[in-house]
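Trainee: Take this sequence and fold it.
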Amino acid sequence: MTAVADVGATPGYSRVIAPPGWSRWLVPPAALSIHLAIGQAYAWSVFKPPLEKAMHISGTGSALPFQLAIVMLGLSAAFGGTFVERRGPRWAMTVSLTCFCSGLLISALGAATNAYWLIVLGYGFVGGIGLGIGYISPVSTLIRWFPDRPGMATGFAIMGFGGGALIASPWTTELLSRFGKDHTGISQTFLVMGLTYAVFMSVGILLVRVPPPGWRPAGWTPQANGSKLVSDHDVAANDAIRTPQFWLLWIVLCFNVTAGIGILEKAAPMVIDYFKQTSTPVSVTAAAGFVAVLSAANMAGRIGWSSLSDLIGRKNVYRIYLGVGALAYALVWSVGQTSKLLFIIGAMVILSFYGGGFATIPAYLKDLFGTFQVGAIHGRLLTAWSVAGVAGPLIVNAIADSGARHGKSGPELYGASFAIMITLLCVAFVANELIRPVAAKHHRKGTA
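Mentor: Numbering: from 1, shown residues only. Have a look, this model is predicted:
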């Protein structure tokens with residue numbers, strides 16, 4: 001727990017060190033308030049139709065703010081991770097609030113003045129920075145408060161990012177219905193969301209604390225769990241990226257996310273296409289329900305699978321994500337059209353692994369590299385998300401569009417992309433098997 005001993009000397013940290021008697025169970029809700037807010041990004045699709053109509057842009061154009069936001073999420077997390085470790089969670093959450101909510105307010109101005117570039121700048125660039133800093137802001141703090149259950153703790157918070165759309169989607173729909181779907185209505189919706197999220201995120205900023213130096217849960221002492229991967233040593237972020245373990249985990253995260261987001265981004269049209277030529281086609285309304293079910297699976301997987309990793313180990317739970325995930329893809333591909341139930345179950349399993357992979361990765365990093373700068377290491381690893389956020393939708397959409405141009409329909413539109421996803425999951429499975437303890441030459445001096 002050497003990192004905790006360092007924080008008291010860090011400027012600005014003294015104001016967020018927990019006083020005696022502070023309950024560690026106040027920290028997960030603080031983290032959740034940030035992640036539920038920035039998880040609004042997953043509800044961007046609700047804005048797409050009104051923006052396309054009001055501002056006369058294409059579907060590709062209306063996706064640009066979201067795509068840029070995801071890219072900036074990965075980049076800001078990578079470059080800002082070290083600052084988050086140095087300045088603390090309250091500083092990071094404040095930066096996240098400022099950028100994310102400012103992005104919504106800039107978008108409101110862009111909609112009001114019919115300047116789409118302002119929406120791209122606000123939501124995509126400025127708001128995307130808020131996403132990245134906010135996403136990693138509570139990670140190392142939660143791990144330090146819950147050394148006995150790091151997977152559960154980070155899963156609880158990151159669950160909020162997956163579940164943010166469950167709040168934002170109906171709320172955005174209601175606001176657009178009330179204000180209208182023209183320039184003015186879209187602008188007012190952005191404005192109300194920006195101001196409301198600012199208040200909501202402030203709760204987390206006020207609640208968050210870091211444990212005092214040397215703090216441990218009552219009755220808990222560090223003890224070996226039988227896994228050689230769980231290290232008692234710390235590794236600095238700049239050294240971590242020089243290890244093969246970091247890049248093997250980068251592959252694991254990137255390919256797992258690519259496989260999951262490939263279904264998530266295309267879920268509604270995919271389920272419609274799959275059953276269009278059967279005796280029981282899927283309606284648009286039912287397809288929207290399918291998206292909601294997948295969002296719930298994504299959210300549940302973040303807390304469920306990450307909590308399981310505390311019991312069976314991080315490497316074992318990733319064996320489930322990647323190995324069973326490949327089998328689930330094969331099930332959907334081979335027999336999905338014959339049974340809606342199998343199709344839905346297979347997709348839900350894949351999305352639960354997608355969410356679980358995000359939630360478990362911070363604890364995996366803690367096992368390998370220790371608690372020192374684990375947030376910064378996590379930030380650098382999230383560049384894998386930026387790549388996957390582009391690769392997954394590109395693979396599925398490009399192959400489906402090409403198939404449609406050549407007269408294909410139904411499951412034929414997705415067979416090749418499913419085969420690619422299965423291959424990626426198998427490669428990631430091998431990468432996970434290759435992970436070994438970090439070599440002693442990378443350990444910080446004085447850690448044990």
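
Trainee: count of residues packed around residue 445?
Mentor: When neighbours are defined as other C-beta atoms under 10 Å, residue 445 has 6 of them. (Glycine included, C-beta is placed from N, CA and C.)

Trainee: how much space between it and residue 18?
Mentor: 28 Å (C-beta to C-beta, to the nearest Å).

Trainee: Touching, residue 436 and residue 243? I think so.
Mentor: No. Here residue 436 does not reach residue 243: they are 10.0 Å apart, not a contact under C-beta atoms under 8 Å.

Trainee: And these two? Which one has more around it.
Mentor: A count of neighbours by other C-beta under 10 Å puts residue 243 above the other of residue 436 and residue 243, at 18 against 13.

Trainee: confidence score at the residue with the largest distance to the centre of the chain?
Mentor: Of all residues in the chain, residue 279 has its C-alpha farthest from the mean position, at 37.0 Å, by C-alpha atoms, centre = their mean. Reading off the confidence values, residue 279 has pLDDT 72.

Trainee: Also residue 340?
Mentor: 82.

Trainee: Now for it: which residues touch it?
Mentor: Residue 340 is in contact with 275, 280, 282, counting by C-beta atoms under 8 Å, 6 or more residues apart in numbering.

Trainee: now do residue 135
Mentor: Contacts for residue 135 (C-beta under 8 Å, 6+ apart) come out as 35, 38, 73, 77, 158, 161, 382.

Trainee: so the last one makes contact with residue 80?
Mentor: It refers to residue 382. No. Using C-beta under 8 Å, residue 382 is not in contact with residue 80; the gap is 10.4 Å.

Trainee: if I look at those two, which residues touch both of them?
Mentor: Residues touching both residue 382 and residue 80 by C-beta under 8 Å, 6+ apart: 132, 136.

Trainee: all helices for the stretch 251-400 of the chain, in order.
Mentor: 267-275, 284-312, 314-319, 325-335, 340-369, 374-381, 383-405 (DSSP state H, counting those that start in this stretch).

Trainee: for these, which one sits closest to residue 125?
Mentor: Comparing those by their distance to residue 125 (C-beta to C-beta), the top pick is helix 383-405, with 13.7 Å.

Trainee: buried ones in whatever helix or strand comes next after the closest one?
Mentor: Next along the chain after helix 383-405, taking DSSP states H and E as the criterion, comes helix 415-433. For helix 415-433, the neighbour count (16 or more other C-beta atoms under 10 Å) marks 416-418, 420-422, 424-425, 428-429, 431-432 as buried.

Trainee: likewise stretch 273-293?
Mentor: Using 16+ other C-beta under 10 Å as the test for burial, stretch 273-293 gives 273-275, 282, 287, 290-291.

Trainee: can you dump the C-alpha coordinates of that stretch into PDB?
Mentor: Output in PDB follows, covering the C-alpha atoms of stretch 273-293 (Å, rounded to 0.1, in the frame of the first residue of the first chain):
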ATOM      1  CA  ASP A 273     -32.100  -8.200 -40.300                       C
ATOM      2  CA  TYR A 274     -31.600 -11.600 -38.700                       C
ATOM      3  CA  PHE A 275     -35.300 -12.400 -38.500                       C
ATOM      4  CA  LYS A 276     -36.700 -10.300 -41.400                       C
ATOM      5  CA  GLN A 277     -37.200 -13.300 -43.700                       C
ATOM      6  CA  THR A 278     -38.600 -15.600 -41.000                       C
ATOM      7  CA  SER A 279     -42.200 -16.100 -40.000                       C
ATOM      8  CA  THR A 280     -41.600 -14.000 -36.900                       C
ATOM      9  CA  PRO A 281     -40.000 -10.700 -37.900                       C
ATOM     10  CA  VAL A 282     -38.800  -8.200 -35.300                       C
ATOM     11  CA  SER A 283     -40.500  -4.800 -35.100                       C
ATOM     12  CA  VAL A 284     -38.700  -1.600 -34.600                       C
ATOM     13  CA  THR A 285     -40.200  -1.300 -31.100                       C
ATOM     14  CA  ALA A 286     -39.100  -4.900 -30.200                       C
ATOM     15  CA  ALA A 287     -35.600  -4.000 -31.600                       C
ATOM     16  CA  ALA A 288     -35.400  -1.000 -29.200                       C
ATOM     17  CA  GLY A 289     -36.300  -3.400 -26.400                       C
ATOM     18  CA  PHE A 290     -33.500  -5.700 -27.500                       C
ATOM     19  CA  VAL A 291     -31.100  -2.800 -27.100                       C
ATOM     20  CA  ALA A 292     -32.400  -2.100 -23.600                       C
ATOM     21  CA  VAL A 293     -31.900  -5.800 -22.700                       C
END
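
Trainee: how far out from the middle of the chain is stretch 182-194?
Mentor: 26 Å (C-alpha atoms, centre = their mean, to the nearest Å).

Trainee: What of stretch 22-35?
Mentor: With C-alpha atoms, centre = their mean as the basis, stretch 22-35 stands 18 Å off its chain's centre.

Trainee: And stretch 263-272, by the same measure?
Mentor: Between the centre of stretch 263-272 and the centre of its chain there are 19 Å (C-alpha atoms, centre = their mean).

Trainee: likewise stretch 21-37?
Mentor: Relative to its chain's centre, stretch 21-37 lies at 17 Å (C-alpha atoms, centre = their mean).

Trainee: Tell me the first helix or strand C-terminal of the lowest-mean-pLDDT helix or strand in the chain.
Mentor: Within the chain, no helix or strand scores below helix 2-7, which has a mean of 40 by mean pLDDT, DSSP states H and E. Next helix or strand after helix 2-7 toward the C-terminus (DSSP H and E): helix 27-38.

Trainee: which residues are in contact with that next one?
Mentor: Residues outside helix 27-38 that contact it (C-beta under 8 Å, 6+ apart): 93, 96-97, 100, 130-131, 134-135, 137-138, 141-142, 145, 153, 156-161, 163-164, 167, 197, 200-201, 203-209.

Trainee: Keeping just the C-alphas, turn it into CSV.
Mentor: Extracted C-alpha coordinates of helix 27-38, given in CSV (Å, rounded to 0.1, in the frame of the first residue of the first chain):
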residue,chain,number,x,y,z
VAL,A,27,-16.8,6.1,-2.0
PRO,A,28,-18.5,3.8,-4.4
PRO,A,29,-21.6,6.0,-4.6
ALA,A,30,-19.3,9.0,-5.2
ALA,A,31,-17.7,7.2,-8.1
LEU,A,32,-21.1,6.0,-9.3
SER,A,33,-22.4,9.6,-9.5
ILE,A,34,-19.6,10.4,-12.0
HIS,A,35,-20.0,7.3,-14.1
LEU,A,36,-23.8,7.4,-14.3
ALA,A,37,-23.4,11.0,-15.7
ILE,A,38,-20.7,10.4,-18.2
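
Trainee: sec struct for residue 216, please.
Mentor: coil (DSSP: H, G, I helix; E, B strand; the rest coil).

Trainee: tell me the pLDDT at it?
Mentor: Listed pLDDT for residue 216 reads 81.

Trainee: isn't it right up against residue 144?
Mentor: No. Counting by C-beta under 8 Å, residue 216 sits too far from residue 144 to count as a contact (10.0 Å).
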